[in-house]
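S.K.: Return a 3D structure for these sequence lines:
(one chain, ligands or ions: 3)
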Amino acid sequence: MKRVFILVLDSFGIGYSEDSEQFNDFGSNTFGHIADYCNFRKANNNRFGNLNIPNLISLGLAKIYYKIHKCLPSGIIQSKYIISSYGFSSELSTAKDTSSGHWEIAGVPVLFEWDYFKKNTNSFPNVILKSIISKFNLSGILGNCHASGINILNDFGEEHIKTNKPIFYTSSDSVFQVACHEKYFGLNKLYKLCKFIRILLDKYNYNITRVIARPFIGEKKYQFVRTGNRRDFSKPPHKNTILKKLIIEKNGNVIALGKIADIFANIGITKKIHATGLDCLIKKTIEQIKIATNNTIVFVNFVDFDSIWGHRRDVSGYAQGLEFFDMQLPKILHSLYDEDILIITADHGCDPTWSGTDHTREFIPILLYSKFIKNNYLGHRNTFSDIGQTISKYFSLSPMKYGISIF
Ligand SMILES: O=P(O)(O)O[C@H]1O[C@H](CO)[C@@H](O)[C@H]1O
Ligand SMILES: [Mn+2]
Ligand SMILES: [Mn+2]
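M.R.: Ligands and ions are numbered 1, 2, ... in the order given. Below you'll find the predicted structure:
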């Protein structure tokens, strides 16, 4: 029985990559800086002391770190026995966003440039705004700028409740984000609005990766909270991913947990499972490992590392999330069969100690655990698509254009 489990710790970079300077990210290091802060006792909110992730270390995480940085992360003790193969990869895609990272993992790097809304204020084109206002009969819109997702709610949340004007904002990613109140504006109307914006952007040839619905609740400034009903309306991948190929060539199954179905615009997915929060996502992952059948990929995105801790520059939260994930890892490993492959990796960095609130261009770790593959150092890989090519070979699919299989 052939089954692959891909677990993406969203934003868990392992140190600035060789091209990081082009992204103003030279020196960033998501894993390393979290470990530093823990070691210096600067990440003690709701947790304490050195970063405690023995299971990820026994899979080879500190070994990878040592290969890249020639030292161990602060306060981390190396494990005597390493139980999986481990390596790291540069990103081939032009951007450091979630879609590019995931598509590249699935064998389809983004070699073209996305369009971006570059202006800090008045960010969105008038032609798009006018169409939205007229279609939804709005009295106007709020935001229309670059912003961080929580600040923008504090700035405009109350006015949004009073006026029903949706809040539009973007970032250095290729995104059109729409924040609306779940109760006052309504979730369905928000989704309809985002679908319409997706169609509009495509119609006017704005090659924007995602329109993101950001529903929130709460009544007052500083009390607004985003809910788990976020939806991403993505461009579809421009080529067939390994997900699609597994379905076409082997009549296989692709089970998407969390954000994965949205990231791939539902292309190459046979079942999607919604789950919010790290705990719930891990539980659902284990459930799926227990029931997955032959020729199945279970693809999981753990978004909290990125959206609640990375972007929010919350080092303690990120560390606590890693420690929680690590504690659950044995349950995941024990649920696997001998012929399975488990891959733990990331899609980009989001160093919570870095300036600003954006992603960071970093190497990603690759931990590949399987009883039938001899534990090996996988080296420095040139593209995340080496993961896709490896999976393609494992399932005996036709080869992908990019990537080199590790076996
Ligand atoms: O600040 P928030 O709304 O979390 O935005 C973040 O989430 C978006 C999608 O991942 C990115 O563009 C990033 O800026
Ligand atoms: Mn991401
Ligand atoms: Mn992000």
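S.K.: Tell me how many other residues surround whichever residue of the stretch 101-250 of the chain sits closest to ligand 2.
M.R.: Closest to ligand 2 within the stretch 101-250 of the chain is residue 101: 5.9 Å, counting by CB to the ion. Placement of C-beta: from N, CA and C, glycine included. Residue 101 is surrounded by 28 other residues when neighbours are defined as other CB atoms under 10 Å.
S.K.: Identify the residues contacting the residue nearest to it when sequence neighbours are not counted.
M.R.: Nearest non-adjacent residue to residue 101, counting by CB to CB, 6 or more residues apart in numbering: residue 347, 2.8 Å away. Contact analysis of residue 347 by CB atoms under 8 Å, 6 or more residues apart in numbering lists 8, 10-11, 98, 100-102, 105, 301, 364, 384.
S.K.: What is the nearest of those residues to residue 236?
M.R.: residue 102 (12.6 Å; CB to CB).
S.K.: That closest one touches residue 265, doesn't it?
M.R.: No: the pair residue 102 and residue 265 does not pass the contact test of CB atoms under 8 Å, sitting 11.2 Å apart.
S.K.: Please list the outside residues in contact with the helix or strand hosting residue 128.
M.R.: Assessed by DSSP states H and E, residue 128 sits inside helix 126-135. By CB under 8 Å, 6+ apart, the residues outside helix 126-135 that reach it are 138, 140-141, 144, 168, 193, 196-197, 200-201, 204, 206.
S.K.: Please identify the buried residues of stretch 124-133?
M.R.: 124, 128-129, 131-132 (16 or more other CB atoms under 10 Å).
S.K.: Check stretch 49-68 too.
M.R.: Going by 16+ other CB under 10 Å, stretch 49-68 has these buried residues: 50-53, 55-65, 67-68.
S.K.: The residue in the stretch 51-200 of the chain that ligand 1 sits nearest to and residue 350: what is the separation?
M.R.: Of all residues in the stretch 51-200 of the chain, residue 149 sits closest to ligand 1, at 2.3 Å by CB to the nearest ligand atom. In this view, residue 149 and residue 350 are 13 Å apart by CB to CB, to the nearest Å.
S.K.: before we move on, back to that, would you report which members of the contacts of residue 347 are assigned to strands?
M.R.: Counting by DSSP state E, these place 8, 301, 364 in strands.
S.K.: Neighbour-wise, which one of the residues you listed leads?
M.R.: Neighbour max across those (other CB under 10 Å) = residue 364, 30 neighbours.
S.K.: So residue 42 sits against residue 315, correct?
M.R.: Yes: with contact defined as CB under 8 Å, residue 42 reaches residue 315; the gap is 6.9 Å.
S.K.: Tell me which of the two has more neighbours.
M.R.: Set side by side, residue 42 and residue 315 show more neighbours around residue 315, with 22 against 12, by other CB under 10 Å.
S.K.: So for that one, what pLDDT did the model give?
M.R.: Looking at residue 315, its pLDDT reads 98.
S.K.: do residue 318 as well
M.R.: Looking at residue 318, its pLDDT stands at 98.
S.K.: gap between it and ligand 1?
M.R.: 14 Å (CB to the nearest ligand atom, to the nearest Å).
S.K.: I'd like the next helix or strand past the one helix or strand that residue maps to.
M.R.: Using DSSP H and E, residue 318 sits within helix 315-334. Going down the chain from helix 315-334, the next helix or strand is strand 341-345, by DSSP H and E.
S.K.: is ligand 2 contacted by that next one?
M.R.: No: using CB under 5 Å from the ion, strand 341-345 stays clear of ligand 2, coming no nearer than 11.4 Å.
S.K.: could you dump that strand to PDB, C-alpha only?
M.R.: Extracted as PDB, the C-alpha positions of strand 341-345 are listed here (Å, rounded to 0.1, in the frame of the first residue of the first chain):
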ATOM      1  CA  ILE A 341       6.300   8.200   3.600                       C
ATOM      2  CA  LEU A 342       5.900  11.100   5.900                       C
ATOM      3  CA  ILE A 343       7.300  14.500   4.900                       C
ATOM      4  CA  ILE A 344       7.500  17.400   7.300                       C
ATOM      5  CA  THR A 345       8.500  20.600   5.700                       C
END
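S.K.: For it, which strands pair with it and how are they oriented?
M.R.: strand 3-9 (parallel), strand 364-369 (antiparallel) (DSSP bridges).
S.K.: hang on, the earlier thing: quick check: beta-bridge partners of the closest residue to the residue of the stretch 51-200 of the chain closest to ligand 1 other than its chain neighbours?
M.R.: Excluding the flanking residues, the one nearest residue 149 by CB to CB, 6+ apart is residue 214, at 6.3 Å. Note on residue 214: beta-bridge partners by DSSP bridges are residue 179.
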